[in-house]
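1. My questions are about this predicted structure, shown below with the sequence.
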Amino acid sequence: MKSFSKSFFKKDTIAVAKALLGKLLIRETPSGLIVARIVETEAYLLDDPASHSFNGRTPRNAPMFGVSGKSYVYFTYGMYNCLNVTTNKKGVGEAVLIRALEPVEGIEIIKRNRGNVEEKNLCNGPGKLTIAFGITKEENDIDLLDEGSELRLMATGKARDFEIVETTRVGISKATEIQQRFYIKRNKWVSSK
DNA sequence: ACATCGATCTACT
DNA sequence: GTAGATCGATGTA
């Protein structure tokens, strides 16, 4: 494993959304470490009507307009949280939504957090993976590149060994034609929809 | 004050 | 495999 360079997330958001596939999300919990591989992402750009940042900066989406490489956690459906990684320069409101994870380590903790669900359903959706990782608005706007963070990202140091599928995004009512959802081809941990 | 937005689970077929 | 039920936060008027 190796850390990311700060500049990694300043690249254009679509490139980051693709580059995040195969990278590791790490969570420190009181009961131990959880590690999972990112297998599905979506890019949300500044000029995108489906993006929270489309109508400008507000208290909720402020992390998207801050520096890159931080978390943006938002609450949806009155019961779920979703995790994004901020991208691009300060002042440019863009982010990548993490949609699905493949458990690598700490799967017993994930199972305890998720309750009685099938193994493949543990982290195959943005609301599911935040439950699995115990992520709430407490984890909003934290530095995902700092090794001291309880939630952080790591690169693997390995070359990419999978193909990326590009398709339309899930669960949005605007800009549904934009193909900015990316996932690892033939990976069984990708969300079903 | 009110309209808009969206992920998951359950129960059933 | 799928239809239906579930709610609160947000932003604008």
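-> Thanks, I have the structure now.
2. which non-adjacent residue is nearest the residue nearest the centre of chain A?
-> Centroid-nearest residue in chain A, with C-alpha atoms, centre = their mean: A:I98, separated by 2.2 Å. What sits nearest to A:I98 in space, not counting adjacent residues and going by C-beta to C-beta, 6 or more residues apart in numbering, is A:L83, at 4.9 Å. (Each C-beta comes from the backbone N, C-alpha and C, glycine too.)
3. can you list the weak-confidence ranges in chain A?
-> Within chain A, the stretches with pLDDT under 70 are A:193.
4. Please enumerate the helices of it.
-> Here chain A has its helices, by DSSP state H, at A:13-19, A:62-65, A:107-114, A:126-133.
5. Can you name every helix or strand that the last one contacts?
-> It refers to helix A:126-133. strand A:32-44, strand A:80-86, strand A:95-105, helix A:107-114 (3 or more C-beta pairs under 8 Å, 6 or more residues apart in numbering; DSSP states H and E).
6. Residues in contact with the second one: which ones?
-> Contacting residues not belonging to strand A:80-86 are listed as A:9, A:16, A:20, A:44, A:63-64, A:66-76, A:94-98, A:126-127, A:129-131, A:133, A:135-137, A:139, A:144, A:153 [C-beta atoms under 8 Å, 6 or more residues apart in numbering].
7. Would you mind checking these for buried ones?
-> A:9, A:16, A:20, A:44, A:63-64, A:66-74, A:94-98, A:126-127, A:129-131, A:133, A:135, A:139, A:144, A:153 (16 or more other C-beta atoms under 10 Å).
8. and the residue of chain A found nearest DNA strand B, how many neighbours does it have?
-> DNA strand B sits closest to A:G171 of chain A, with a gap of 1.3 Å, by C-beta to the nearest atom of the strand. For A:G171, the neighbour count with other C-beta atoms under 10 Å is 17.
9. Now do it against DNA strand C, distance only.
-> Plainly put, A:G171 is 11 Å away from DNA strand C if you go by C-beta to the nearest atom of the strand, to the nearest Å.
10. What of A:G134?
-> 18 Å.
11. That residue and A:P30 touch, don't they?
-> No - look at A:G134 against A:P30 with C-beta atoms under 8 Å: they stay out of range, at 9.4 Å.
12. Looking at those two, which is more packed in?
-> Using other C-beta under 10 Å, the more surrounded residue of A:G134 and A:P30 is A:G134, with 20 against 6.
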